[in-house]
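In: Pasting a predicted model and its sequence here:
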Amino acid sequence: MQYITFDKTKPFDLILLGRIAIDFNPLDYYKTLAESETFKKYVGGSPANIAVGLARLGKKCGFFARVSDDRFGEFVTDYFKKEGIDISHIKVCENGESLGLTFTEILNHDESSILMYRNGIADLSLSPSDIDEAYIKQAKAVLISGTALSASPSREAALKAVTLARKNGVKIIFDIDYREYNWKNKDEIALYYSITAKESDVILGSREEYDLAEKLMGLDGTDESTSRYWCSKQAAVVVIKHGKAGSTAYTKDGKAYSIRPFPVEAIKGFGGGDGYASSFLYGLLEGYEMTDCLELGSASASMLVASHGCSADMPTLDSLGAFIQKEKAQYGEMIARE
Ligand SMILES: Nc1ncnc2c1ncn2[C@@H]1O[C@H](COP(=O)(O)OP(=O)(O)OP(=O)(O)O)[C@@H](O)[C@H]1O
Ligand SMILES: O=C(O)C[C@@H](O)[C@H](O)C(=O)CO
């Protein structure tokens, strides 16, 4: 079933906009960040992780980003190139901005926290002049990652991309992606999240992220009111994630599809959302049934929380299929059947 009609003549499946950063995950985990001594470096940043995930599944991705003019900026750009992601619209900063660095703290299987170094940050220097209409016109869809809305000029660049996508019939995917760093106050979060969500064909977020977006709307904070509201706007698909409690996709025809997480021995409490987004969106782009999109997203999410890294551990179609087959053989169906 086609929940979203993508223009299959477009050469790019998805052009993403937002941060490319670096994760430093402790190898000596289940300790506090202060106690950890050895870290492994990965390309990071939620939209970057999603782009790698989609590229690993064979999708053609482009990216609007600013990176630092140093070896870290080169590292992430080279990694994207190796993963087959188009880097033509990734620009090097000219005023000494730094690439975002994320030091993660993995306290136990469930509890993690992330310490983000984002002062003078490269990704938020993305400018409206970087947003190229001819590039956007080549995409089936654009993905806006919410943190790109947290400060100017990146905020205006993201809103320009939304405007140009709408003008050119390019679908808009909004991954709410809340990170408290760089936001000034809750009103700005609500304003810019809701402005973007109103224009979006697909919205992905956790319950907490929708609460932030809906702060000025007086909704009651239930999934039902959230899905009803956003589907009354542009959205054809609204995905609400609830961590270990699973996730639900709501469609414009009023239907809801829920799935339990695939059981795994989680190593860390983060990364699930990016794995989820990349594989779920792969299913949408392929025109799969909603239950199959959820299965792909949920399976990839489980694989990611059970791995040490994020971008580096994004699955291929083969590994994702094998994981789903093994899990269903052992645990049965994860989809909550109506
Ligand atoms: N311990 C777990 N075991 C299996 N799956 C999990 C676990 N934790 C999360 N997931 C899966 O990951 C998905 C996304 O996680 P979550 O709801 O925390 O979203 P998120 O906050 O966007 O994730 P992230 O921490 O990556 O930003 C969940 O809907 C679930 O499918
Ligand atoms: O989104 C970030 O900037 C941090 C990510 O790189 C990290 O991998 C994570 O928390 C993914 O959910």
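Out: Happy to help now that I have it. Ligands and ions are numbered 1, 2, ... in the order given.
In: Can you point out the helix or strand that includes residue 300?
Out: Residue 300 belongs to helix 290-305 when assigned by DSSP states H and E.
In: quick one: that helix to chain centroid distance?
Out: 13 Å (Cα atoms, centre = their mean, to the nearest Å).
In: Which is the succeeding secondary structure element to it?
Out: In N-to-C order, the element after helix 290-305 by DSSP H and E is helix 317-331.
In: Helix or strand: which one has residue 74?
Out: Per DSSP H and E: residue 74 is located in helix 71-82.
In: same thing with residue 51?
Out: helix 46-56.
In: Would you tell me whether that helix gets close to ligand 1?
Out: No: under the criterion of Cβ under 6 Å from any ligand atom, ligand 1 is not reached by helix 46-56; the shortest gap measures 6.7 Å. Placement of C-beta: from N, CA and C, glycine included.
In: any residue of that helix up close to ligand 2?
Out: Yes: against ligand 2, helix 46-56 shows contacts by Cβ under 6 Å from any ligand atom at 46, 49.
In: Give me the contact list for that helix.
Out: 13-14, 16-21, 43, 61, 63, 65, 76, 80, 83-85, 143, 145, 147-148, 175, 177, 271, 273-275, 277-279, 281-282, 300, 310-311, 314-316 (Cβ atoms under 8 Å, 6 or more residues apart in numbering).
In: Do you have the strands of this protein handy? List them.
Out: All strands of the chain, identified by DSSP state E, fall at 12-17, 21-26, 39-44, 61-67, 90-92, 100-106, 112-117, 139-145, 171-175, 202-206, 237-241, 247-251, 256-259, 335-336.
In: Contact partners for residue 304?
Out: 271-272, 274-276, 310, 313-314.
In: Go through those residues and say which is closest to ligand 2.
Out: residue 310 (3.7 Å; Cβ to the nearest ligand atom).
In: Up against ligand 2, what does the chain have?
Out: So the chain meets ligand 2 at 19, 21, 23, 44-46, 49, 102, 114, 270-271, 273-274, 310 (Cβ under 6 Å from any ligand atom).
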